[in-house]
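# The following block contains a protein sequence and its predicted model.
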Amino acid sequence: MSADERPGRAPEALRGEDRSDSVRDLARHSTVYAVAPIAQRLIALLLIRFYTAELDTAEWGVLALADLLLGLLPLLVGSSLLAGMSRFYFLKAGDADRDRVVSTVAVGVALTSLAISGAGWLARDAIAAALFSGATAGAMPEFVDLVSICLVIFPLAMVTATGLQALQLLKRSRAVVRVTLAKSALEAGLKLWFLLGLGLGVRGFLLAVLIGEAVAAAGLLTWLLSTFGARPTRSAGRALLRYCAPIVPVALFQLGLHQSDKLLLERLGPTDVDGQGLTRGLALLGVYALGYQVPYLLHVTLSGSFQKIWQPNAFASAEAGPARAVRVGRLALTVLGAAHAAAALFASQGVRVLTANETYHGADAVVPWIAAAYLGYAAYALAQTALMASMRTGTLALLNGGALLLDVGLNVALIPEHGILGAAAATLVSFWALALAAARASRAAGVAAFEAAHALVALAAVAGAGALGAWIDGRYDPFTWPAWALKCGAVVLLAAFVHRSLPGEEPRGPRRGPRAPSP
């Protein structure tokens, strides 16, 4: 059986069609990819009300730190190899060579994730002590159990991620959506059962994730083996390692950028302990994490969906030219700026709809700050793709390392006096510093990922929306008709501005030859 005839392989004609790189095609694939994260985030947002009814703010803070561990483990090796798979897949001309790239990455991810998980299991007590502050020592046995569950989740999640990445390479966006939605629905049902039915708390939350990853990993592993085989090669492995080695520190630095504020909030916050052995610092972290989640979910839904199709297109046609990169960047930042501005405007309503627990309501203060921060991170993602397409992964490591140092310094300086607002301000400044530095580096590499002036206009829109929302909330109750009328009117004006700002479809060139002159 030939490579093109194996199950799961898209026909050549279809693959040729999917390689079109127009803005319209990017939008079409991004829309398909967006279905799954939008549905995931809607499910998550709807269920937050149930979760927060069962979990107090300190337990929500524990979940935030468990998420930190689940984010850290893949970055030690897996995520960088998956980035290398996307890049090298499109460097190969034939399907057989492309299959070897996927096989090499799949085997490498499986072996390394199992090795890291095994080593972590032996050191799980030390990991729990490092992740959670000493003031929560009374709850440490529970924390060790949570770390153990995370270590089992890790290799399963990496197999799932490898399978989904391979589907994206074949541009089978609908299959990605089906798998992701089925996994999310299974996990959501289990979380509700474990939390509300069995009363398992944070442990039940993580056990639901474990079962969902196990089911998804089993199905995707079967598909990977039947489609690409298990034929890793040393030459492919060496090339991938050379490319991916600088990405490992990039990924670790990015994890620090996304999570250092949460870790430092727990350590620099109040240290008195409640009846469960959990500090008030963890409760402060729980409030911050809920406010952080609103714009973060928006970022993952919109920017994440766009990057899933933009990155393969950028890698597959790196010669597309600087003008097109700027055009795509302008389109992305216009849409994302409007979306994050709306999140900042409706921060108070969003938080109060998400949770009936009044102890979480202070989270609305951080939403505009984090919304503006993630607009900056979306701008950075555009520049990152340009630098990765130029093979400048070392530059990415330097930029992210510098941004992380700035972020940690600002958090240490601001959190003790300003609490969650200090952490949010540190995130905003460090994300935009990274975005602008990466944009400058991408221009030096010959591709301007976006126009700095356009990005700053989008930032101003988010900041203005946040200030307007706070002004309205200071004068009216968030759920009275004047508040809704003023905010909805602002959204209409914003939508009209975005509509006028969107670039049209790029010219495709004449479809026919020049028309003969009239006689």
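Received, thanks.
# for the protein, which helix is longest?
helix 393-444 (DSSP state H).
# pLDDT of that one, averaged?
Helix 393-444 shows a mean pLDDT of 88.
# The one helix or strand H454 maps to vs helix 393-444, what angle?
According to DSSP states H and E, H454 maps onto helix 452-475. Calculated by axes from the mean of the first three to the mean of the last three CA atoms, to 10 degrees, helix 452-475 forms an angle of 100 degrees with helix 393-444.
# What's the first helix or strand after helix 452-475?
helix 481-501.
# coming back round to it: neighbouring contacts of the helix holding H454?
329-330, 333-334, 336-338, 340-342, 344-348, 364, 367-369, 371-372, 375-376, 379, 432, 435-436, 439, 482-483, 486-487, 490, 494 (CB atoms under 8 Å, 6 or more residues apart in numbering). For glycine as for every other residue, the C-beta is placed from the backbone atoms N, C-alpha and C.
# Give me the PyMOL select line for these, limited to the buried ones.
This is how PyMOL selects the buried members of the contacts of helix 452-475, with burial counted by 16 or more other CB atoms under 10 Å:
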select buried, resi 329+330+333+334+336+337+338+340+341+342+344+345+346+347+348+364+367+368+369+371+372+375+376+379+432+435+436+439+483+486+487+490+494
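# among the contacts of helix 452-475, which are in helices?
Those of the contacts of helix 452-475 lying in helices (DSSP H): 329-330, 333-334, 336-338, 340-342, 344-345, 347-348, 367-369, 371-372, 375-376, 379, 432, 435-436, 439, 482-483, 486-487, 490, 494.
# hang on, L333 packs against A435?
No. Between L333 and A435 there is no contact under CB atoms under 8 Å: 10.0 Å.
# what do these two both touch?
Counting by CB under 8 Å, 6+ apart, the residues touching both L333 and A435 are A379, A455.
# For I211, give me its contacts.
Contact analysis of I211 by CB under 8 Å, 6+ apart lists L186, E187, L190.
# What strand or helix carries the last one?
Element membership for L190 (DSSP H and E) is helix 173-192.
# ok, now D261?
With DSSP H and E as criterion, D261 is part of helix 247-268.
# packing partners for that helix?
Applying 3 or more CB pairs under 8 Å, 6 or more residues apart in numbering; DSSP states H and E, one finds that helix 247-268 makes contact with helix 57-75, helix 78-89, helix 280-299, helix 393-444.
# Which of the contacts of I211 sits closest to D99?
Distance to D99 across the contacts of I211 (CB to CB) is lowest for L186, with 29.8 Å.
# Now the phi/psi pair for D56, please.
The phi/psi pair for D56 (degrees, to the nearest 10) reads phi -80, psi 180.
# T359 is in contact with that one, correct?
Yes. Counting by CB under 8 Å, D56 does reach T359; the two are 7.1 Å apart.
# Overlap in contacts, these two.
A283.
# Neighbour count for the two, which is higher?
For D56 versus T359, the count of surrounding residues by other CB atoms under 10 Å is larger for D56: 20 against 16.
# returning to that earlier point: make JSON lines out of the helices and strands packed on helix 247-268 and add distance to V202.
As requested, the helices and strands packed on helix 247-268 are exported to JSON lines (distance: least, CB to CB, whole Å):
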{"stretch": "helix 57-75", "distance to V202": "5"}
{"stretch": "helix 78-89", "distance to V202": "24"}
{"stretch": "helix 280-299", "distance to V202": "11"}
{"stretch": "helix 393-444", "distance to V202": "21"}
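# Which of the ones you listed sits closest to F143?
For those, the distance to F143 is smallest for helix 57-75, at 7.7 Å, taking CB to CB.
# tilt between the closest one and helix 247-268?
Using the same axes, to 10 degrees: helix 57-75 against helix 247-268 is 160 degrees.
# Which strands or helices does helix 57-75 pack on?
helix 95-122, helix 124-131, helix 140-169, helix 201-228, helix 247-268, helix 280-299.
# What is the burial count for A126?
Counted with other CB under 10 Å, residues neighbouring A126 total 12.
# That should have said S113, apologies.
S113: 24 neighbours (other CB under 10 Å).
# Go ahead and confirm it touches T160.
No. Counting by CB under 8 Å, T160 is not a contact partner of S113; they are 11.0 Å apart.
# Check which residues of stretch 469-478 are buried.
Quick answer for stretch 469-478 (16+ other CB under 10 Å): G469, A470, I472, D473, Y476, P478.
# Turn the residues you listed into a markdown table, including distance to A129 and pLDDT.
Output for these, formatted as a markdown table (distance: CB to CB, whole Å; pLDDT from 0 to 100):
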| residue | distance to A129 | pLDDT |
| --- | --- | --- |
| G469 | 41 | 89 |
| A470 | 40 | 89 |
| I472 | 46 | 90 |
| D473 | 41 | 87 |
| Y476 | 48 | 86 |
| P478 | 41 | 80 |
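# Distance check, M158 against D473.
For M158, the distance to D473 equals 43 Å [CB to CB, to the nearest Å].
# what's the answer for G281, then?
G281 sits 27 Å away from D473, going by CB to CB.
# And Q293, by the same measure?
20 Å.
# before we move on, what about L333?
Applying CB to CB to L333 and D473 gives a distance of 27 Å.
# ok, now A461?
Taking CB to CB as the measure, A461 and D473 are separated by 19 Å.
# And the pLDDT for the closest residue in space to T355 that isn't next to it in sequence?
Distance criterion CB to CB, 6 or more residues apart in numbering; nearest residue to T355, sequence neighbours excluded, is T52 at 4.1 Å. Confidence at T52, expressed as pLDDT, is 76.
# swap in G277?
58.
# Wait, L494 touches A339, no?
No. Counting by CB under 8 Å, L494 does not reach A339; the two are 9.9 Å apart.
# what ranges of the stretch 201-350 of the chain fall below the confidence cut-off?
Low-confidence segments of the stretch 201-350 of the chain, defined by pLDDT under 70, are located at 231-248, 270-279, 303-329.
# rerun at 50
Scanning the stretch 201-350 of the chain for pLDDT under 50 picks out the ranges 315-322.
# quick one, what contacts L399?
Counting by CB under 8 Å, 6+ apart, L399 touches L434, A437, A438, A441.
# L111 versus that one, what's the distance?
In terms of CB to CB, L399 sits 30 Å off from L111.
# same question, R475
Distance, R475 to L111, using CB to CB: 60 Å.
# again, but for A425
A425 sits 42 Å away from L111, going by CB to CB.
# swap in V366?
Separation of V366 from L111 (CB to CB): 40 Å.
# Between these two, tell me which one has more neighbours.
Neighbours per residue, other CB under 10 Å: of V366 and L111, the larger number sits with V366, 29 against 13.
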